[in-house]
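*Asks:* I'd like to go over a predicted model; first the sequence, then the structure.
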Amino acid sequence: MDDELNSKAIAIYQQQCTQSYQAYAQLLELGVGREQARGVLVPSVYTSWVWTVSLQALLNFIGLRMGAGAQSEIGAYAQAIVELIEPIVPVTRSAWSKYH
């Protein structure tokens with residue numbers, strides 16, 4: 001995508017996120033509960049995850065998402081997970097990196 005089209009795409013994306021968040025704020029002002037008001041937010045504005053995962057499944061996820069053909073955004077997410085697990089399972093992380 002050339003720079004001009006990319007700028008237009010970013011503007012559309014930002015406008016939608018802004019409108020979504022404004023609707024959320026207005027619902028909160030009306031007294032709507034946060035859980036219900038979040039229904040108007042696009043996933044890019046607000047996403048909260050709680051994961052329970054085996055280390056094997058997590059390493060598989062990282063391998064797939066940092067692999068060839070993966071989108072750069074999910075690759076960055078996988079890299080952030082690698083940085084989070086490094087201090088928790090350093091020996092496993094090192095062995096996985098060496099043999100993966």
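*Replies:* In hand now; what should we look at?
*Asks:* show me the contacts for the closest residue to Ile85 other than its chain neighbours.
*Replies:* Closest residue to Ile85 apart from its sequence neighbours, by C-beta to C-beta, 6 or more residues apart in numbering: Arg93 at 6.1 Å. For every residue, glycine as well, the C-beta is placed using N, CA and C. By C-beta atoms under 8 Å, 6 or more residues apart in numbering, Arg93 lies in contact with Val82, Ile85, Glu86.
*Asks:* which helix in this protein runs the most residues?
*Replies:* Identified as the longest helix of the chain according to DSSP state H is helix 3-29.
*Asks:* Would you mind measuring from Ala80 to Gln16?
*Replies:* Relative to Gln16, Ala80 is positioned 24 Å away (C-beta to C-beta, to the nearest Å).
*Asks:* Now tell me which helix or strand of the protein has the poorest mean pLDDT.
*Replies:* Every helix and strand of the chain was ranked by mean pLDDT, DSSP states H and E. The lowest is helix 34-37, at a mean of 88.
*Asks:* List of residues touching the very next helix or strand once past that helix?
*Replies:* Per DSSP states H and E, the first helix or strand lying C-terminal to helix 34-37 is helix 55-65. Helix 55-65 is contacted by residues 53, 70, 74-75, 77-78, 81-82, 85, 89, 92, 96, 100 when judged by C-beta under 8 Å, 6+ apart.
*Asks:* Measure how far helix 55-65 is from the centre of its chain, please.
*Replies:* Put simply, helix 55-65 sits 15 Å off its chain's centre (C-alpha atoms, centre = their mean, to the nearest Å).
*Asks:* Go through that helix and flag the buried ones.
*Replies:* Neighbour counts over helix 55-65 (16 or more other C-beta atoms under 10 Å) mark Leu58, Leu59, Phe61, Ile62, Arg65 as buried.
*Asks:* and which of those is nearest Ile12?
*Replies:* Arg65 (26.2 Å; C-beta to C-beta).
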